[in-house]
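Visitor: I'll drop the sequence and a predicted model, then ask my questions.
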Amino acid sequence: MSLSRRSVARALALGAGSTLLGGCATAPAGEPTLDQLARAKGLRFGSTLGSLGRTSRFHDLPYRELTGRECSVLVPENETKWQQLRPDPTQPYHFAPADEMFTWAEARGMALRGHCLLWLEPKWLPAWVNALNYGAGDGEAARQVLAEHIRTTCGHFGDRIESWDVVNEAVTPETGELRRNVFSAPLGGVEQIDLAFRLAREAAPKAQLVYNDYMSWGAGDAMHRAGVLKLLTELKRRGTPVQALGIQGHISTYKKPGTPEDAPGQQAVGWRRFLDDVMALDLDLLITEFDVNDKGMPDDIAQRDAAVAAAARDWLDVTLTSRRLHRFLCWGLADQHSWLQQFDPRPDKALKRVLPYDNHFNPKPLRTAIADALRAMPAR
């Protein structure tokens with residue numbers, strides 16, 4: 001792990017300035033919610049919530065109330081993904097889990113995002129879709145399958161959803177080229193993405209249509225960023241109704257062996273250039289899935305929390321200056337419910353501390369860093 005001098009200074013300040021309770025920082029009395037801080041600058045803050053899997057985040061009542069208190073935007077973790085809505089083509093769509101969460105959120109005045117209509121990577125498509133085994137001459141059959149899914153899904157939720165991640169993670173990070181799936185041979189790479197956006201526009205005429213991906217700001221992500229920019233440029237050339245780029249914001253200071261090292265200050269310069277290039281295409285921005293991976297950070301909880309907060313503040317200080325960014329969503333709020341616990345565990349098997357609150361719902365230095373970044377950002 002390497003942090004800039006500014007990051008180290010912030011880490012020390014956050015570590016010294018926090019009141020620790022069992023290794024966790026307590027928030028100052030009367031502290032505004034993260035959404036209140038965001039709204040003061042023309043932004044809205046939100047998070048994901050889920051009701052599927054081994055542990056239902058939605059039915060964890062303290063966690064649900066924390067989400068309702070801090071947020072005014074909700075995105076389902078898995079409940080509107082194709083493989084969850086229709087794992088079996090002989091059965092009806094399974095909308096009930098998403099509907100239950102959406103009804104709760106709407107009663108609290110929360111805006112809704114949909115995630116996601118088409119996830120290009122084959123392992124995230126329903127098994128029955130991958131088994132269709134299309135050839136180059138099966139274009140119409142492939143179109144019908146994709147159209148039926150997008151029209152049914154968008155038609156069910158209607159105008160309730162303000163913003164859809166229409167296409168998710170289409171670019172291979174290592175090469176910048178498009179991923180291939182069952183629709184690539186009959187429809188083409190860019191063509192299936194273009195089609196998904198056009199179908200979404202027909203079925204959800206009022207929703208913001210978003211391309212969502214996890215490119216980050218390090219030297220090792222240069223090919224990924226270039227591939228995303230190339231895709232967005234081509235979609236705009238075609239007149240595809242894409243309106244925004246979703247920046248997932250899964251950030252980390254951990255570097256895999258062989259990953260290029262970042263020159264001092266170069267991360268911020270390259271990232272700023274990328275965001276400006278995207279906005280120059282007349283596209284808005286969203287932070288859609290923010291968390292900070294603490295893999296490779298110290299074992300000591302106070303040191304780790306301070307390092308996570310410092311890394312977050314560095315990234316947010318650059319990203320939140322984008323005046324076409326109007327939504328900021330975390331991918332969860334409390335550590336025990338983070339997807340990273342299972343998908344990318346720490347070598348020491350310790351609970352990851354990657355979200356604003358710990359597993360006892362105590363605020364951590366990461367929450368302070370997010371709050372301070374929201375206070376410091378320019379107004380929209």
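Guide: Looks like it arrived, so ask away. As the structure is a prediction and not an experimental result, all values here were calculated from the model.

Visitor: for this protein, which segments count as strands?
Guide: Along the chain, the segments classed as strands by DSSP state E run 20-21, 24-25, 44-49, 73-76, 111-119, 161-168, 208-213, 244-247, 250-252, 284-293, 325-330.

Visitor: possible to save those as JSON lines with mean neighbour count and distance to A263?
Guide: Every residue, glycine included, has its C-beta placed from N, CA and C. Output for the strands of the chain, formatted as JSON lines (neighbours: other C-beta atoms under 10 Å; distance: least, C-beta to C-beta, whole Å):
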{"stretch": "strand 20-21", "mean neighbour count": "13", "distance to A263": "35"}
{"stretch": "strand 24-25", "mean neighbour count": "24", "distance to A263": "32"}
{"stretch": "strand 44-49", "mean neighbour count": "25", "distance to A263": "32"}
{"stretch": "strand 73-76", "mean neighbour count": "25", "distance to A263": "35"}
{"stretch": "strand 111-119", "mean neighbour count": "24", "distance to A263": "34"}
{"stretch": "strand 161-168", "mean neighbour count": "26", "distance to A263": "31"}
{"stretch": "strand 208-213", "mean neighbour count": "24", "distance to A263": "24"}
{"stretch": "strand 244-247", "mean neighbour count": "27", "distance to A263": "22"}
{"stretch": "strand 250-252", "mean neighbour count": "20", "distance to A263": "18"}
{"stretch": "strand 284-293", "mean neighbour count": "24", "distance to A263": "22"}
{"stretch": "strand 325-330", "mean neighbour count": "24", "distance to A263": "26"}
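
Visitor: closest to P365 out of the ones you listed?
Guide: Among the strands of the chain, the nearest to P365 by C-beta to C-beta is strand 24-25 (5.3 Å).

Visitor: just put the strands of the chain in TSV and tack on mean pLDDT.
Guide: Below are the strands of the chain laid out as TSV (pLDDT from 0 to 100):
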stretch	mean pLDDT
strand 20-21	34
strand 24-25	38
strand 44-49	98
strand 73-76	98
strand 111-119	98
strand 161-168	98
strand 208-213	99
strand 244-247	99
strand 250-252	94
strand 284-293	98
strand 325-330	98
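
Visitor: so which of these gets nearest D88?
Guide: strand 111-119 (17.9 Å).

Visitor: ok, that closest one: who's next to it in the sheet?
Guide: Its sheet considered, strand 111-119 pairs with strand 73-76 (parallel), strand 161-168 (parallel) by DSSP bridges.

Visitor: so for D277, which of the strands of the chain sits nearest?
Guide: The minimum distance between D277 and those falls on strand 244-247, with 10.3 Å, by C-beta to C-beta.

Visitor: show me the helices in the stretch 201-350 of the chain, by range?
Guide: When assigned using DSSP state H, counting those that start in this stretch, the helices of the stretch 201-350 of the chain occupy the ranges 222-238, 266-280, 301-319, 340-343.

Visitor: what comes up buried for the second one?
Guide: The reference is to helix 266-280. Neighbour counts using 16 or more other C-beta atoms under 10 Å place Q267, A268, G270, W271, F274, L275, D277, V278, M279 of helix 266-280 among the buried residues.

Visitor: repeat that for the first one.
Guide: Buried residues in helix 222-238, defined by neighbour count with 16+ other C-beta under 10 Å: A222, M223, H224, R225, A226, G227, V228, L229, L231, L232, L235.

Visitor: who touches that helix?
Guide: When contacts are defined by C-beta atoms under 8 Å, 6 or more residues apart in numbering, helix 222-238 is touched by residues 170-178, 190, 193-194, 197, 211, 213-216, 242, 245, 260, 270, 274, 277-278, 281-283.

Visitor: of the helices of the stretch 201-350 of the chain, which approaches T153 most closely?
Guide: Of the helices of the stretch 201-350 of the chain, nearest to T153 by C-beta to C-beta is helix 222-238, at 20.8 Å.
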